[in-house]
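Peer 1: With the sequence up front, the predicted model follows.
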Amino acid sequence: MKFTAAAISAAFLGSVVASTDVDSGVLEAAINCNGELGDLEFVFLEDEAVVRSIEDDIRADLSKIGLNVVAKPLDKADLNTARQGGDFHLSISETWGLPYDPHSFAAGWIDGAGGEGIYPAMEKFEAPSTREELLDMVTEVLQLEDKQELETKWLDVHTYYHEQAVLMPLYGKRIPTLMNRRLVGYVAGQQQFDYPVHRLSVDAGPKNVTISPGARNGLFHTVGTMNAHVYGPNEFFSNNWVYEGLVAFGGNGVVEPALATEWSKAPNDLGGDTYTFKLRENVTFHDGALWDCSVAKLNFDHILARPLAEVKHSWYGVGSNTVDWFCDDNNNFVMQTDVKHEAYLNELSLIRPTRMISPNSFIGNDALKNNSCHVEWGTVEGTDGSVTCVGIQSISGTGPFEYISEDTTDGTTNSVLFGSNKNYWGTVPDIDFLKVVRYASSDDVRDALLSDELDLVWGAGVLSDTDILDFRDDPEKSTKIQVGLSNPIQTAMLILNTGNPPLDNINVRKTVIHAINKGALVEKELPLSQQVDNIFPRDAPYCDVDLSPRWSYDFEKAALLSCDGTAGNYVT
C-alpha cells in the first residue's frame, strides 16, 4: 500500500506522516519485530545545546516504528570512551569541516584513534564489503595527485561507505555569532573553532570585551593547559588566538602565509615531496623570544618525535608521512615526506598540533626525555623507543592575543583573561582585553547578553537556534545584538554502529534511517540549518557528488524493511 495523497502532502510540508498511512498489518508486524530487537543506546554530548534539542525528536520518530531508543547524555571524556570502544548503538557526530574534510577526517578512520566512533561503527559491513577494504581505499586515495584519478577514487570511497547505511547525513552546521552592537567588523572564521575576534573593532564603550565561546563540550568549561602540541582538554579557540603555525587556512580553501611568508614543493627521492618554507622575519613570541628556523625545528622535534608521530599523530598525513625536517643554509625550514600527500599544506594549517611555542616554554630541549606533549600521556611507547611527556612551563605564542590569567574557584574555571599582543606582526587587535566567561547554562548566556554583562557569543552549541532567531528577529533585542552566521562548514551525522547488534543487520540500519523525518526535525529544531544528503560538505574537495540510494525520510519503506525485510508479507 502506498502513501495517501494527504500523507504525501504532509511529507512535503515537513510534518510527521501518521502511522495509519502504512498498511496496518505491515505496521503491526514492523512494530512487533522492532520491539523484539531490544534497546538502542543513543549517546551524545550532554552540554551541547543543539544535540540536546534534536535527540528527543529522533527517539520519538523511531518509537513510531517500534524501536526503543534510550538516551544516554555523557560528558566529553565519557563520550569519547564510549565511541572509541564501540559502546553505543547511535551517536550524533559531525565532520571536521575544511581544511580537514575529506582527507584528514577520512584518514582518522584508519586507526580508529579519534573519538568520533566511526571506526568501530564500520566493524560489520554487509558482505562482501569490509571495513578493511574501505580503509585501504582511503589510504590509496590520500596518496594520489592526478586530479581526474582523485575524482574517480574519492567517488568510489563515498559510494562504498554510503551503501553500507552506517553514516546518516543530517544537516549542514553553521557557526553563529551574537555580538553587542558596540562591536563592529564581524568576519566569519574559516574552520571549526576559528573565532577571529582580533578582527573586531570597538565602536563604543570600553575596549575590554567579554565572550562566551562555543567549546568542544558546547558550553565553555576550561581552556585546559593551552599546550599547542596536544589535543584535549585544550580548547581550539583559545589556542588559535595565542598560537600560529607556518601557514593559515584562508577563504575559499586557500592556504595563506602565517609564520612562513612563502613556500615551495618539489618531488624528492624518498617517494614523497620536499616543502621549503621561507620564514617571516622580525616576529617575536609573547615572552620576547625571537621566531626563527631553530625554533621551528625545535617545535617539530617535539611534535613529531617518532613515538608520538606513530601513536598520537598518525591520524593525519603530517604525522604519518613526515620523515625529516631541518634548516637549510638560507635559514629556510624544510620538511620532507616519504609518500605523496595532497592535503599536506592544509594539515599544517590546522589549529593543532603544529602551532609554534616559544623556545622558553619548553622544559627541556631533549624531545625524547622532556617532550612538550601532554603530561597525562605519560610515557608514549613507539616501535623504536619511547617519549616522556612533561608538558610546557609557560603559555607563549606569536598570535594576536596573549594569555594573561585564569580565575578559578576550587579548581573550577570562572573566567580566563587574554590581552592584545601589542607587538603582533599583523594588525594589532583593537580589543585591549578579552575575557572568556563560564556560564552554567544557555539560559544564563542569553540573560547575560540581554543585560550587557556579555558582549559576544561565538560558536555552536552555546545557544539553540530558537534563541538565536529570537535575538535576530525580535525588534527590541536586535537593536542591541547583531547576529552573524557562517556558511555551512561541517555536516552533522547520525552514526549507526554495525558492531553492536541489532545494527549489524543492514535492514535494521536502513529502517532507522528511513524512519527519521530529518526534514521536519531540521525545520522544527534547527531553522538556521538545512538538511543534507551527503556526509561531507559539497564545497569540500571531491565531495560534490550525488549518491544512491538517497537516505531520506520514507516511513513506508522503514516499515517494509522491518522484520529483516519481510514485514510486507503481513499486508491486510
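Peer 2: It's in. Numbering: from 1, shown residues only.

Peer 1: tell me which element residue 296 is part of?
Peer 2: helix 293-303 (DSSP states H and E).

Peer 1: what's next to the next helix-or-strand element following that helix, contact-wise?
Peer 2: Per DSSP H and E, helix 293-303 leads on to helix 306-311 as the next helix or strand towards the C-terminus. With contact meaning C-beta atoms under 8 Å, 6 or more residues apart in numbering, helix 306-311 is reached by 319-320, 322, 368, 371, 373, 380-387. In this view, the C-beta of every residue, glycine as well, is placed from N, C-alpha and C.

Peer 1: Alpha carbons only: can I get helix 306-311 in CSV?
Peer 2: The C-alpha atoms that make up helix 306-311 are tabulated as CSV, following Å, rounded to 0.1, in the frame of the first residue of the first chain:
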residue,chain,number,x,y,z
ARG,A,306,58.8,9.3,16.4
PRO,A,307,56.8,7.6,19.1
LEU,A,308,54.3,10.5,19.1
ALA,A,309,54.0,10.5,15.4
GLU,A,310,53.2,6.8,15.5
VAL,A,311,50.9,6.8,18.4
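
Peer 1: The helix or strand following that helix: how far from the chain's middle?
Peer 2: Using DSSP H and E, the next helix or strand after helix 306-311 towards the C-terminus is helix 317-321. Relative to the chain's own centre, helix 317-321 is displaced by 19 Å; criterion: C-alpha atoms, centre = their mean, to the nearest Å.

Peer 1: For the stretch 1-150 of the chain, just list every one of the strands.
Peer 2: Assigned by DSSP state E, counting those that start in this stretch, the stretch 1-150 of the chain shows strands spanning 40-45, 69-74, 90-94.

Peer 1: can you put those strands in JSON lines and add distance to residue 494?
Peer 2: Formatted as JSON lines, these follow (distance: least, C-beta to C-beta, whole Å):
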{"stretch": "strand 40-45", "distance to residue 494": "9"}
{"stretch": "strand 69-74", "distance to residue 494": "11"}
{"stretch": "strand 90-94", "distance to residue 494": "6"}
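
Peer 1: and these, which is most packed in?
Peer 2: The highest average neighbour count among these, using mean count of other C-beta atoms under 10 Å, belongs to strand 90-94 at a mean of 24.

Peer 1: quick one: that one to strand 40-45, angle?
Peer 2: Our comparison of strand 90-94 with strand 40-45, counting by axes from the mean of the first three to the mean of the last three C-alpha atoms, to 10 degrees, yields an angle of 30 degrees.

Peer 1: and strand 90-94, what other elements does it pack with?
Peer 2: strand 40-45, helix 49-63, helix 76-84, strand 490-496 (3 or more C-beta pairs under 8 Å, 6 or more residues apart in numbering; DSSP states H and E).

Peer 1: what's the angle between it and helix 76-84?
Peer 2: For strand 90-94 against helix 76-84, the angle by the same axes, to 10 degrees is 110 degrees.

Peer 1: returning to what we had before: can you lay out the contacts of helix 306-311 as TSV showing neighbour count, secondary structure and pLDDT?
Peer 2: TSV is the format used below for these (neighbours: other C-beta atoms under 10 Å; DSSP: H, G, I helix; E, B strand; the rest coil; pLDDT from 0 to 100):
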residue	neighbour count	secondary structure	pLDDT
319	20	helix	93
320	22	helix	92
322	24	strand	97
368	18	coil	96
371	28	strand	97
373	27	coil	96
380	21	strand	97
381	12	strand	96
382	16	strand	94
383	8	coil	93
384	8	coil	85
385	11	strand	94
386	17	strand	97
387	27	strand	97
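
Peer 1: can you redo the strands of the stretch 1-150 of the chain as JSON lines with mean pLDDT?
Peer 2: As requested, these are exported to JSON lines (pLDDT from 0 to 100):
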{"stretch": "strand 40-45", "mean pLDDT": "95"}
{"stretch": "strand 69-74", "mean pLDDT": "96"}
{"stretch": "strand 90-94", "mean pLDDT": "93"}
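
Peer 1: Ok, which of these comes nearest residue 561?
Peer 2: strand 40-45 (15.4 Å; C-beta to C-beta).

Peer 1: Could you tell me the angle between the closest one and strand 69-74?
Peer 2: 30 degrees.

Peer 1: could we number from 8 for the rest of this?
Peer 2: Let's use 8 as the start, then, which means that last one is strand 47-52.

Peer 1: Other residues contacting strand 47-52?
Peer 2: Applying C-beta under 8 Å, 6+ apart, the contact partners of strand 47-52 are 58-59, 62, 65-66, 69, 74-83, 86, 89-90, 94-99, 224-225, 468, 510, 519.

Peer 1: repeat for stretch 434-444
Peer 2: Taking C-beta under 8 Å, 6+ apart as the rule, stretch 434-444 contacts 204-209, 214-220, 227, 230, 245, 248, 407-408, 411, 421-429, 455, 461.

Peer 1: Tell me the buried residues in it?
Peer 2: Neighbour-count burial for stretch 434-444 flags 436, 437, 438, 440, 441, 442, 443, 444 (criterion: 16 or more other C-beta atoms under 10 Å).

Peer 1: ok, those vs residue 116, which is closest?
Peer 2: Nearest to residue 116 among the buried residues of stretch 434-444 is residue 443, at 32.9 Å by C-beta to C-beta.

Peer 1: Against residue 281, how distant is that closest one?
Peer 2: Per C-beta to C-beta, to the nearest Å, residue 443 is found 40 Å from residue 281.

Peer 1: Equivalent analysis for residue 211, please.
Peer 2: 52 Å.

Peer 1: same question, residue 272
Peer 2: In terms of C-beta to C-beta, residue 272 sits 7 Å off from residue 281.

Peer 1: and what of residue 514?
Peer 2: Distance from residue 514 to residue 281, by C-beta to C-beta: 51 Å.

Peer 1: before we move on, what about residue 270?
Peer 2: On the measure of C-beta to C-beta, residue 270 and residue 281 end up 11 Å apart.

Peer 1: More neighbours: which of these two?
Peer 2: Ranked by neighbour count (other C-beta atoms under 10 Å), residue 270 and residue 281 place residue 270 first, with 20 against 16.

Peer 1: Local confidence estimate at the nearest residue to the more buried one once chain neighbours are set aside?
Peer 2: Nearest residue to residue 270 in three dimensions, chain neighbours excluded: residue 284, at 4.7 Å (C-beta to C-beta, 6 or more residues apart in numbering). The model reports residue 284 with a pLDDT of 98.

Peer 1: who touches residue 284 in this structure?
Peer 2: 253, 267, 269, 270, 303, 339, 340, 341, 342.

Peer 1: That's all I had, so thanks and see you.
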